[in-house]
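Participant: sequence isn't available, so here's the structure alone:
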């Protein structure tokens, strides 16, 4: 079973914006959702890990989209794990449309933590892993370190109940929403293609006050979210592309 | 085909909070999602309406939950339309667990609007309706008018891109999140059962600054969201119950 697995999805009305195309956050939602489902099906998902008080946390992600699918469009989301080291494992994604044209690709890197100590664990723990590594190369370059932003626009956000997940920290999609909400709305609704990189550096929790900083550096939108102790929580860079 | 329809769902990790049970907002998400899917399957959903520049908008909702399902729990969501007048139609929901115990019930009332004028339309437009009305009575009382709040706690929120839906107004789940985020977190993570009523009075849009007001009146948590012109957007009341 050392193969890629494909999951079929249909873009739902709740996943599109007023341009009637899936939002970037919805596309990242597919990636996170299917990462969880696929890991569970292969025996190293949260169903198994939670019994041992462990969890996966996303460390870095790089993604390219070439077109945002429309409402009710059927898409194929394909995923495979092609690599793991002592602390980081790499899971890849491609999304193709019904004509088998690639419209999206992502590379995600994950660490495993102990839920009590919040410290990373050695991935040798996952004995099922070796049976499911697919040697195919990643569809785009691996995520890199995102440069620090020099924000020209900032906004604060107090972390609320609706922002946190089962791990008690702010959920990944919420970080993306907080950052994308800093952009002029036309940049989001008019876009056809972009390259996105994000690094997760620390957790943030209920009651933290986050400062979201945004800087437009040439064609790159650069973001940094810090907590009230001035510690960087995550950094991201988005380059919208003309197609 | 004048019958109820049942859709199977499994509670996903992204739908639970740190108590590892589905959030109230996730449960309402099932209701809204399945309202859309069921209407589409029966020929009067957004797939048909958008061709004529029309849309459904939620007017009122009442819901009871008796238990919040746990992560990975399998649930059956059953829905039926049992009534429509000139302007309002009533769609009902029950959610049962695998042991066929009812854990949730809701009554939702919807209006149809013209997307250009934003005015309500006569429901005689929906000729498919008569073929799909199921006479079974609603599982709980219909939603009532929610009393105005006298807020003792308020918070403001500027409507951002991530808050709005394909209709360009703030999406229903976001209103619920904004209100529930006003409550002490223990009220949400410790709860087993509640009765919820919500009235939607006006739309709010990108760029509006909302004020969320909260008042605790005996056992009832009462909410009101107003826009920057002091117009009430929605009102809700939640009564948490000991089981």
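Facilitator: Cool, the structure landed. Fair warning: this is a prediction, and the values are worked out from it, not measured in the lab. Residues are numbered from 1 along each chain as shown, chains lettered A, B, ... in the order given.
Participant: ok, longest helix in chain A?
Facilitator: The longest helix of chain A (DSSP state H) is helix A:24-41.
Participant: so after that one, what's the next helix or strand?
Facilitator: Next along the chain after helix A:24-41, taking DSSP states H and E as the criterion, comes helix A:46-49.
Participant: so for that following helix, mean pLDDT?
Facilitator: Averaged over helix A:46-49, pLDDT sits at 86.
Participant: helices or strands up against that helix?
Facilitator: The contact analysis (3 or more Cβ pairs under 8 Å, 6 or more residues apart in numbering or on different chains; DSSP states H and E) places helix A:46-49 against helix A:24-41, strand A:54-65. For every residue, glycine as well, the C-beta is placed using N, CA and C.
Participant: closest to chain B out of the ones you listed?
Facilitator: helix A:24-41 (5.6 Å; Cβ to the nearest Cβ).
Participant: gap between the closest one and the chain center?
Facilitator: Distance, stretch centre to chain centre, for helix A:24-41: 9 Å (Cα atoms, centre = their mean, to the nearest Å).
Participant: mind listing what's buried along it?
Facilitator: A:24-40 (16 or more other Cβ atoms under 10 Å in any protein chain shown).
Participant: ok, residue A:56 - contacts?
Facilitator: Shown in contact with residue A:56 (Cβ atoms under 8 Å, 6 or more residues apart in numbering or on different chains): A:35, A:39, A:45-46, A:49, A:110-113.
Participant: partner residues bridging residue A:77?
Facilitator: Beta bridges link residue A:77 to residue A:7, residue A:95 when assigned by DSSP bridges.
Participant: that one - how many residues pack around it?
Facilitator: When neighbours are counted by other Cβ atoms under 10 Å in any protein chain shown, residue A:77 registers 22.
Participant: from chain B, how far out is it?
Facilitator: Separation of residue A:77 from chain B (Cβ to the nearest Cβ, to the nearest Å): 15 Å.
Participant: correct me, but that residue touches residue A:10?
Facilitator: No - contact criterion Cβ atoms under 8 Å: residue A:77 and residue A:10 do not qualify, at 11.2 Å.
Participant: and the closest residue in space to residue A:214 that isn't next to it in sequence, what's its pLDDT?
Facilitator: Excluding its sequence neighbours, the residue lying closest to residue A:214 (Cβ to Cβ, 6 or more residues apart in numbering or on different chains) is residue A:182, at 4.0 Å. Note on residue A:182: pLDDT of 97.
Participant: quick revisit: can you lay out the helices and strands packed on helix A:46-49 as a markdown table showing mean pLDDT and distance to residue A:233?
Facilitator: What follows is the helices and strands packed on helix A:46-49, written out as a markdown table (pLDDT from 0 to 100; distance: least, Cβ to Cβ, whole Å):
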| stretch | mean pLDDT | distance to residue A:233 |
| --- | --- | --- |
| helix A:24-41 | 94 | 17 |
| strand A:54-65 | 95 | 13 |
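Participant: pLDDT score for residue A:169?
Facilitator: pLDDT, read off for residue A:169, is 89.
Participant: number of residues surrounding it?
Facilitator: Using other Cβ under 10 Å, residue A:169 has 22 neighbouring residues.
Participant: does it really touch residue A:202, like I thought?
Facilitator: No - with contact defined as Cβ under 8 Å, residue A:169 does not count as touching residue A:202 (9.3 Å).
Participant: tell me how many other residues crowd residue A:54.
Facilitator: When neighbours are counted by other Cβ under 10 Å, residue A:54 comes out with 17.
Participant: in the sheet, who's paired with it?
Facilitator: Under DSSP bridges, the beta-bridge partners of residue A:54 are residue A:114.
Participant: how much space between it and residue B:12?
Facilitator: Separation of residue A:54 from residue B:12 (Cβ to Cβ, to the nearest Å): 19 Å.
Participant: got it, and residue A:203?
Facilitator: Applying Cβ to Cβ to residue A:203 and residue B:12 gives a distance of 21 Å.
Participant: swap in residue A:127?
Facilitator: To residue B:12, residue A:127 is 26 Å away according to Cβ to Cβ.
Participant: so who does residue A:200 touch?
Facilitator: Taking Cβ under 8 Å, 6+ apart, one finds A:57-60, A:172, A:175, A:233-234 in contact with residue A:200.
Participant: ignore what I typed, I meant residue A:39.
Facilitator: Residue A:39 neighbours (Cβ under 8 Å, 6+ apart): A:45-46, A:56.
Participant: again, but for residue A:177
Facilitator: Contact analysis of residue A:177 by Cβ under 8 Å, 6+ apart lists A:25, B:160-162.
Participant: host element of it?
Facilitator: Counting by DSSP H and E, residue A:177 is found in helix A:172-180.
Participant: tell me how far that helix is from the chain's mean position?
Facilitator: That offset, for helix A:172-180, works out to 10 Å (Cα atoms, centre = their mean).
Participant: got the angle between it and helix A:24-41?
Facilitator: Computed by axes from the mean of the first three to the mean of the last three Cα atoms, to 10 degrees, the angle separating helix A:172-180 from helix A:24-41 equals 160 degrees.
Participant: now the angle from helix A:172-180 to strand A:54-65?
Facilitator: Using the same axes, to 10 degrees: helix A:172-180 against strand A:54-65 is 40 degrees.
Participant: what is the helix or strand containing residue A:91 packed up against?
Facilitator: Secondary structure from DSSP H and E places residue A:91 in strand A:89-96. Judged by 3+ Cβ pairs under 8 Å, 6+ apart, the packing partners of strand A:89-96 are helix A:24-41, strand A:74-84, strand A:102-114.
Participant: ok, back up a step: look at residue A:127 and residue B:12 and report which has more neighbours.
Facilitator: Neighbour count, other Cβ under 10 Å: between residue A:127 and residue B:12, residue B:12 has more, with 14 against 9.
Participant: much appreciated, bye for now.
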